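Asks: Next one to model:
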Amino acid sequence: MIKKLYIILLIAMCWGQWYQLNHDFIARDYYISYPEDIGSSTPAPLIINMHGYGSGALSQRYYSEMDQFAHAQGIAVVYPQGEINNWGSASWNVGTFWDQSNLDDVGFISAMIDQIDQNFDIDLDRVYACGMSNGGYMAYELACELEDKITAFGSVTGNFMLNTSTGQVCDFTREVPIVHFHGTSDTVVDYYPPTFDGALTASESADFWSEYNDFDMEFIGDLNDNVEIYKYYNENSITEFLHYKVYGGGHVWFTEEWGFHTSEELINFFLNYKLSDFLYDIIIGDVNGDGGVNILDVVFLADLILNGSYLEEGDLNNDQTVSVLDIIALIDLILFED
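Replies: Below is the predicted model:
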């Protein structure tokens with residue numbers, strides 16, 4: 001109890017503040033917590049930490065205790081706030097029947113990263129996303145749709161809702177590192193298939209991402225008597241899918257009584273990766289993929305717009321659409337290229 005009070009006091013003393021942005025004509029809120037000396041020497045990594053269904057940004061901040069681990073390593077943490085859904089609860093739109101939301105939460109997170117970058121000295125090469133329960137589902141959603149901005153992802157008791165019928169686009173441009181924490185006795189989000197909402201469980205997610213990332217090796221190690229760590233990987237790649245299988249664990253953010261702290265393990269996993277590790281072969285502005293950036297890309301992009309098509313390489317301003325604004329950005333890129 002004394003330790004818990006100490007942690008709450010420590011978190012309360014951390015630097016942080018609320019911000020708001022307008023996305024799709026809706027005022028969206030987030031709370032960012034950061035080291036006192038943020039940006040004083042080098043840009044700070046950023047972790048997006050998303051709350052569960054019916055919870056909130058500050059509740060997730062206190063519950064996950066992530067600030068104490070993050071700030072010690074010069075990392076900023078942002079806690080976005082989900083909007084109230086049709087059932088009167090805060091949630092993230094992940095394409096399930098129960099989230100009861102049709103909001104563009106992926107677009108909100110993308111715009112939030114842009115705004116934070118404007119206000120703080122953030123290292124855009126080291127932006128990560130994680131979440132609890134519904135927030136873990138959302139982390140998987142971002143892994144599918146925002147892997148060009150977010151480097152690695154973590155889910156805590158949240159499954160992977162692979163649902164292209166809702167407009168989800170899993171059009172990957174690179175390998176995607178993921179870590180998933182889940183208890184075998186979770187009575188809210190199923191650990192074992194079949195799941196109540198049709199989402200992929202931790203083991204099924206491992207199969208999906210192993211196939212995508214071309215993993216051909218598996219290793220199982222014991223953290224302690226209650227926790228096994230499954231590692232899926234390829235010897236020729238730095239990317240891994242890790243799964244912490246917690247025997248007897250429930251629907252919780254696991255802390256020291258389980259032999260590890262989820263926030264600490266997430267940070268250790270995240271810091272293994274930089275976005276530039278995966279995007280080295282992508283040329284910004286090369287919309288037609290010919291290895292150069294020139295007037296041919298402008299013509300190609302104009303054709304995309306006229307045909308009503310979407311191509312991620314053509315979405316230069318990252319607003320999830322291809323429009324004349326991207327043509328303007330592309331022309332600027334060509335004219336002012338070094």
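Asks: Please identify the buried residues of stretch 237-250?
Replies: Within stretch 237-250, the residues that count as buried by 16 or more other C-beta atoms under 10 Å are 239-246, 249. Placement of C-beta: from N, CA and C, glycine included.
Asks: Helices along this protein, start to end?
Replies: 2-12, 57-64, 66-71, 105-119, 134-145, 202-213, 262-270, 295-306, 324-335 (DSSP state H).
Asks: hang on, the earlier thing: save the buried residues of stretch 237-250 as TSV, and put in pLDDT and distance to Asp37 too.
Replies: Below are these laid out as TSV (pLDDT from 0 to 100; distance: C-beta to C-beta, whole Å):
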residue	pLDDT	distance to Asp37
Thr239	96	32
Glu240	97	31
Phe241	97	34
Leu242	97	31
His243	97	35
Tyr244	98	32
Lys245	98	38
Val246	98	35
Gly249	98	36
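Asks: Identify each buried residue in stretch 256-267, please.
Replies: 258, 260-267.
Asks: Extract the C-alpha trace of it and format it as PDB.
Replies: Extracted in PDB, the C-alpha atoms of stretch 256-267 (Å, rounded to 0.1, in the frame of the first residue of the first chain):
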ATOM      1  CA  GLU A 256       5.600  -6.900 -10.000                       C
ATOM      2  CA  GLU A 257       3.600  -9.600  -8.200                       C
ATOM      3  CA  TRP A 258       3.800 -11.500 -11.500                       C
ATOM      4  CA  GLY A 259       7.500 -11.100 -11.600                       C
ATOM      5  CA  PHE A 260       7.600  -8.300 -14.100                       C
ATOM      6  CA  HIS A 261       6.000  -4.900 -14.800                       C
ATOM      7  CA  THR A 262       4.200  -4.600 -18.100                       C
ATOM      8  CA  SER A 263       5.300  -0.900 -18.600                       C
ATOM      9  CA  GLU A 264       8.900  -1.700 -18.100                       C
ATOM     10  CA  GLU A 265       8.800  -4.700 -20.500                       C
ATOM     11  CA  LEU A 266       7.000  -2.600 -23.100                       C
ATOM     12  CA  ILE A 267       9.600   0.100 -23.000                       C
END
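Asks: measure stretch 220-229 end to end?
Replies: By C-alpha to C-alpha, to the nearest Å, the extent of stretch 220-229 from end to end equals 6 Å.
Asks: mind checking how far that stretch is from the chain centre?
Replies: Remark: stretch 220-229 is offset 25 Å from the chain centroid, using C-alpha atoms, centre = their mean, to the nearest Å.
Asks: ok, now which ones touch Gly289?
Replies: Glu313 (C-beta atoms under 8 Å, 6 or more residues apart in numbering).
Asks: Same question for Ile284.
Replies: 293, 316, 333.
Asks: In PyMOL, how would I select just the buried ones from those residues?
Replies: Under the burial definition 16+ other C-beta under 10 Å, those of the contacts of Ile284 that qualify are selected in PyMOL by:
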select buried, resi 293+316
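Asks: what's the closest of the helices of the chain to Gln81?
Replies: helix 57-64 (4.4 Å; C-beta to C-beta).
Asks: What residues sit buried inside that closest one?
Replies: In helix 57-64, counting by 16+ other C-beta under 10 Å, buried: 57-58, 60-61, 63-64.
Asks: What would that helix look like as PDB? C-alpha coordinates only.
Replies: Provided in PDB are the C-alpha atoms of helix 57-64 (Å, rounded to 0.1, in the frame of the first residue of the first chain):
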ATOM      1  CA  ALA A  57      -6.700   8.900 -20.200                       C
ATOM      2  CA  LEU A  58      -5.800   9.800 -16.600                       C
ATOM      3  CA  SER A  59      -7.000   6.500 -15.300                       C
ATOM      4  CA  GLN A  60      -4.700   4.700 -17.700                       C
ATOM      5  CA  ARG A  61      -1.900   6.900 -16.600                       C
ATOM      6  CA  TYR A  62      -2.200   6.000 -13.000                       C
ATOM      7  CA  TYR A  63      -3.100   2.400 -13.700                       C
ATOM      8  CA  SER A  64      -0.200   1.600 -16.000                       C
END
